[in-house]
Every structure is written in structure tokens, then in C-alpha cells.
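**Student:** fold the following and give me the result.
(2 chains)
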Amino acid sequence: MDSSQLFGVTMIAYIVAAAFYIGLFLFKNERVGVVGMALAMAGVGIQTAATGLRWYESYQMGAGHAPLTNMYESLVFFAWCTTIIYLVLEFRFKTRVMGAFVMPCAAVAMAYASFSDRIDDQISPLIPALQSNWLIAHVVTCFIGYGAFAVAGGLGVMYLLKQSASNANDRQPLINALPELKVIDDQTHKTIVFGFMWLSAGIITGAVWANEAWGTYWSWDPKETWSIITWFLYALTLHARFTRGWRGRRIAWLAIVGFLAVFFTYFGVNFFLSGLHSYGSV
Amino acid sequence: MTQQKKNSILSLFASVQLALSLLFLLAATSIIGTLIPQNSPPDFYIERYGFKTAQLLRILDIPDMYNSWWFLGLLALFALNLTICSLERIPQVIRTLRRDGLTVPPAQLAKFPLHRELRLAHAMEAATARVEALFATQGWRARTANLEQGRLLFAERGGWTRFGVYVVHCSILIILAGALVGSSTVARIIGNPKFAFKGSIMLPEGESTNHLIAFKSGEHIDLDFHLRCDAFAIEYYPNGMPKTYRSKVTVIDKGQPVHNADIEVNQPLTYKGVTFYQSSYQPYQNYQVSLKKQGSTAATTAVVATAKQTDWPEAGVSYGIINRESQGEATRRLKIWFTDNQGEPSVFWVNNNQEAIIERPSGTYLLTLRQLYATGLQATKDPGVWLVYLGCLLMLVGLYIAFFLSHRKLYAFIQPDADGCRILFAGEANKNKVGFEDKFSELINTLEK
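**Tutor:** Below is the predicted model:
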């Protein structure tokens, strides 16, 4: 058994978990939801083992480093973070149906990492720029933030769906299964707050690392710039809520727009723009 | 300027609307510089966007937009907004904190969203003691006031956490101040380019320098010491990927070598406030030769170029490079011509940096040729970086306080009645209300038991 097989199993677990969560949303069958949760948890467990194994394998190959160094590894790690943050939220707030909006995101990330021709899943040794203890701190903080924002974006979609259905006044049982608007709104906000904290930490660890490696803590390279754009957007969201009393629909939209910015920071920059972060490209 | 006008300008800068607009503008305009390449030569923009557009871009400072007057202006407005906004609100927070909970009329407590009433079969004093003890289990110290209708107990925690958000605002100002201190603009204003700089040094192996060339301006900046590059080396992984770029350097201060160090990517060298980073390298078309005669102590070193004869008179030997094979600018193999003036000269290929053993009538010679490199170092002096780091640390602490800690208040109003007393509990928290509600219920449940 090697790590790539375990990652394959993880991918299947996430995809089936997402299917079951969607099943829970469509058919309102609690048992279906429990299976979804169990699969998501199993997926996280297997992926944790796979990550450890890949780490170990990299040492066996003489290229020892944490598996957080290229697009494949980061996508896989993104799926892991998103699933864990979602599961924690599910346990805390006991609203399982949210999974229908979040788990597909993790499943897609995992499947894309595994199947895309543009992504190389080989373990490769670290180029000099990445040989630093800041690597783990920087990637982990950023990706906890990204994971949280993915969850918040999913919640935003859920909010808008529920609201448009209740506005239309055709009270479908499907929509009734979703949590109260107030609850979704509150969770979206809390998830954004959590993500914002980690994004800030991610940008800061990145700046300290850049200063160690390149002698400049900030050089406005596209990745840095997009991360600060994302930060501005979420800062705006938080201030609009705290001081202008924005709630509900507007926050849901901002959660979605925020996640699009995250997505571009993470993905778009590597595909469309060039810069210092080119080792993240594929 | 009239008082009215002054106030309206002040209130504009204190407003959250301005903050929201600025955050949006900063986010939106920042996108431009990620789409249009920054700091390319002027011709690049003309070629890519046409003459007219390029001219417009230049007028708007787009090719260096993050240092443009309008972007820095936005940042300055943002800083001003943060400052005035915070200064205006902090006194309000202090007033809120000064408000004594014991002055809240007990009749209002029943209107708090979070309140609960219960009866205790205790007399007034005993009930007070129990409530105080209950508060104390959570670390809350209650103060009391005797009122007409009964006794009011009040305790609060975490009032200081209301300042968390201002810690974050302050941290942003500190970071901006740090960036300003470290910028070359400030160095230019105070007329001392050595105060803060970023520049580069291209230093051939074996040579030393005491100055660097500043980025952008291209001016020479003198260092108070010399830096010598003793050697530069690239190591590769078995698959051919670069593993390490390493410069062995010596710091020479007042003519004395004072410090040896290896500079690698992610492992800079700091000396007297100047930090040197490994940033590039340049292969030279010169070679370091070391030549020994086996079985004797005779040895020589030299730096040679191609197609030139070099003599080692002590051993009566001459040699030269007559051909080479390169990959890019890096030499792989060299073709050597070698003679001791006895018989035919030896002509052979040898790999770069590999010892060749040459059997000659006069003896056996060991010859190594190594291509010389120049190491490209970035040299930086940034006296503002500690402010930036301090600001970053403060920001994380401030965010934690602002988001995860709250100001909580507990009230208990005790009124005697026929056979004991009635206690009205009320509580409020400025954040995490749900969590506080649970805590509140839990606390009162323990009293009920």
C-alpha cells in the first residue's frame, strides 16, 4: 500500500460522502446523512494516514519534506482542511445538511488533483526557495483559512437558496430541511471570522518567510497582492456586519465573492499570472 | 474654516462608510497591478498595449502602481481614516466601561434578553453569600449595592477586550509606519541613502566589494566593510533539479577578516544591520586552475581564460584550454593542451571541477579546472522591519481579542419575600452571545440544585 492508493481511497470516500450529503438534502433521510458523515470522517482518517505515509515516502526517496509543496499536495491538503472544518462545524451546530453544500467542494478538489493532466502527483525534491521551516507554518495557516472560506462560501449559497425559496412562498419540504436563515447567517459569519484570523496569520507567516528568503517582506507579486485583496474583502465584510449591521443576503453574497477571491488567489494566480509563487504552478 | 465644515470633514474621516469605500477601492485597484506586469521597461508597455495606451498607463503610474502617488494616497487616507475613527471611538468605549453596573435600575433587568428568576429559601444575607460564592467559582468578583427594594450584585469580566479591535487598527498603523521607515523615500528625505536600501551585488569568486547598486535608482551605496566571495557552488539532486545555491563569503572589517559564512537561499547573512541574500549567479568564462606535481610539494593555482597559454616556470610546464563544451553558460567539459616540453603535448577532455591525471616524461601531474562564478547577492538594510513584525504580532493578538474574547456582565437582584428571597439574574455579553447564554444557564442551574 502506498500513499497514492490511500489518496485514491480518500477521494472515493469524499465523493461518496458528498453524494450521501446531497441525498440527505434531497430525501431528508437522517440515516443517509449519518452515512455521509461517517464517510467524510473515514476519508479524513485515511487521508491523514496517507499524508503521513507520503511524508515518510519522501524521506525514503531522499527528498524529505512535508507534503505541502506543489499543486497536487496543496489541493489534497485543501480538501482535508475543508472537510475537517466542516465536520467540526457539523458537530458544534448539529446541522448535517450543510454537508451537501461543502463536501462537493472537497470532493472536486480531490478528484481534480487526482485526474487532471495538468497536475503532477509525483513527490519531487524541494527547490532551494522552499527549503525552510516557514514552509509548514505558511501553508498550514493559509489553507486552514482557505478551507474555512470554502465552508463559508457553501453556507452563503445555502442561505441564498433558502431565502429565494421562502421569498417565492412555495414552501418546499426540500428547503425546509435547511436550518433557519438566522442560524445559517450566524454560522457564515463565525466561519468567516475564523478564516480571517488564519488568512491574516497566513499572510504574516508568508511575509516573514519572504523576508528571510528574499529580503523583502512584501513585493506585490500577484500571489501576495491577491491575498491582500482577499483580506481587504473579508475585512470589508466584517466591518459591514459589525458597524453597518449588514446581515443575511448581503453577507451571503460577500461570503461567495470572498471565496471567489480565495479561489483566484489559490488557483487563478498560478494559472493566469506569473510571479514569485511559480513553484505552486503545474 | 467654520466649525461646521471642520466637523463635517472630521466626521467623514471618522466614518465607517469611508473605511468600507477605501477597503473596496484598495481591493479593486490592487487587481490592476496583477494583470499589468509591473516595473517592466517602457518599451514593453508600448509593444504590448500600443503607444497611446502606454502613455496613459505611464501618466497614471500603472507600471509601478503600488508606489504611485494615487495608491500611496489611498493607503495614507486609509491610515488617516483608521486613526481618526479609532480616536473618536475609544472615548466612547471608556465611557461604556466606566458605567457602573450597580446603577442599572433593577426594574430593567427583567427586560434583558438574558434573564432568569428563581427562589431560594434563604434569608437575605445567606442568599447574598451563596450568590457571591457562585460568582466566585467562575472567578467573578461581585460588588453589591443596597437598594430600597432589595440588594443588587454586579460582576463583570473582560471589559478590556472591547479594545481588541483598536489593537488591530493600531497594528495596521504600526505596519504601515514600519514600511515607511524601511522605504528608500524616507532615506532620501533624511538625505542618508545608507539609512535604508535594497540593492544587488554581483561578486565574482575570489573578489571583494564594499558597495552595492541600489534597485531602481541604480546609485552606488557604500558599505562600512568589505564582503569577499570565497566560492560559489550549486548542488543538484540526482534528477537534475537544483538543490543548493551556496556562497562562501568572508566579511572584512577594517582590513581584518572577521566573519566567515555560507549564504544560501533561506539562509541570509546579517552584518552591521545589512542582510545579504542569495539571489542569483553568473557563470564566468574563466577557470580556476590548480596544478600539482605528484610526489613533490610543487603546486600552483591560476585563473585562466580560454585559448591562452599559461606557464608554470618552476616545473617547466605550459598548458591552455583549446576547446570546451557548455550547457547554457555552464561549462561541462574542457579540452586541455598540456606540455612539459618533453615529447608530444598531451591533449585531452576533462570535466569541469574534476581532477585529471597527466602522465608526462617529467612526472605525473594532477590538474583541476573549475569554472568561476559570480554570486548574485541582494543586500538589504531595513530599519523598519521590526516595526512591521511588531505590528504583525499585535495584529494576531488583537484579532484574537476582538473575535474570541468578550465583555460579560452578570447581575443578581435579591429581594426578600415571605419565606426566603427571590433572585433575578440577568446577563449580557457583547460577543459570542450564544456561548455566554449556555454559561449563564449552567451557572444558575448549579444554584437551583
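
**Student:** quick check: phi and psi at B:Asn239.
**Tutor:** Listed backbone geometry of B:Asn239 is phi -80, psi 0, with angles given as degrees, to the nearest 10.

**Student:** now it: how far from A:His65?
**Tutor:** Distance, B:Asn239 to A:His65, using CB to CB, to the nearest Å: 15 Å. (C-beta placed from N, C-alpha, C; glycine too.)

**Student:** cool, and A:Asp121?
**Tutor:** Distance of A:Asp121 to A:His65, given as CB to CB: 15 Å.

**Student:** and B:Trp70, by the same measure?
**Tutor:** Computed as CB to CB, the B:Trp70 to A:His65 distance reads 43 Å.

**Student:** okay, these two: which has more neighbours?
**Tutor:** Taking B:Trp70 and A:His65 together and counting by other CB atoms under 10 Å in any protein chain shown, A:His65 has the greater number of neighbours (18 against 11).

**Student:** how is the chain carved up into domains?
**Tutor:** All of this refers to chain A. According to automatic domain parsing, chain A comprises the domains A:1-118, A:129-282.

**Student:** the intended chain is chain B.
**Tutor:** Residue ranges for each domain of chain B read B:3-70, B:99-158+B:406-448, B:193-283+B:376-382, B:285-371, as given by automatic domain parsing.

**Student:** rebuild the ones you listed as a markdown table, extending it with distance to chain A.
**Tutor:** As requested, the domains of chain B are arranged in a markdown table below (distance: least, CB to the nearest CB, whole Å):
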| stretch | distance to chain A |
| --- | --- |
| domain B:3-70 | 4 |
| domain B:99-158+B:406-448 | 8 |
| domain B:193-283+B:376-382 | 4 |
| domain B:285-371 | 17 |
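
**Student:** turn the ones you listed into JSON lines, including mean pLDDT and distance to A:His138.
**Tutor:** Formatted as JSON lines, the entries for the domains of chain B read as follows, by pLDDT from 0 to 100; distance: least, CB to CB, whole Å:
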{"stretch": "domain B:3-70", "mean pLDDT": "86", "distance to A:His138": "20"}
{"stretch": "domain B:99-158+B:406-448", "mean pLDDT": "87", "distance to A:His138": "29"}
{"stretch": "domain B:193-283+B:376-382", "mean pLDDT": "90", "distance to A:His138": "12"}
{"stretch": "domain B:285-371", "mean pLDDT": "89", "distance to A:His138": "32"}
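
**Student:** where does the stretch 1-150 of chain A get nearest to chain B, residue-wise?
**Tutor:** In the stretch 1-150 of chain A, the residue that lies nearest chain B is A:Pro128 (3.9 Å; CB to the nearest CB).

**Student:** contact partners for the closest residue to that residue other than its chain neighbours?
**Tutor:** Closest residue to A:Pro128 apart from its sequence neighbours, by CB to CB, 6 or more residues apart in numbering or on different chains: B:Val265 at 3.9 Å. B:Val265 sits next to A:128-129, A:131, A:213, B:244-245, B:277-278 when contact means CB atoms under 8 Å, 6 or more residues apart in numbering or on different chains.

**Student:** any idea how far the residue lying closest to B:Gly420 once chain neighbours are set aside lies from B:Ala127?
**Tutor:** Nearest in space to B:Gly420, with sequence neighbours left out and distances taken as CB to CB, 6+ apart, is B:Ala121 at 4.2 Å. From B:Ala121 across to B:Ala127, the span is 9 Å (CB to CB).

**Student:** touching both of the two, which residues are there?
**Tutor:** Taking CB under 8 Å, 6+ apart as the contact criterion, the common neighbours of B:Ala121 and B:Ala127 are B:Gly420.

**Student:** show me the longest helix that occurs in chain B.
**Tutor:** The helix spanning the most residues in chain B, taking DSSP state H as the definition, is helix B:69-98.

**Student:** centre of the chain to that helix, how far?
**Tutor:** Its chain's C-alpha centre lies 24 Å from the corresponding centre of helix B:69-98 when counted by CA atoms, centre = their mean, to the nearest Å.

**Student:** list the helices and strands it packs on?
**Tutor:** Helix B:69-98 sits against helix B:3-13, helix B:16-35, helix B:164-181, with contacts defined as 3 or more CB pairs under 8 Å, 6 or more residues apart in numbering or on different chains; DSSP states H and E.
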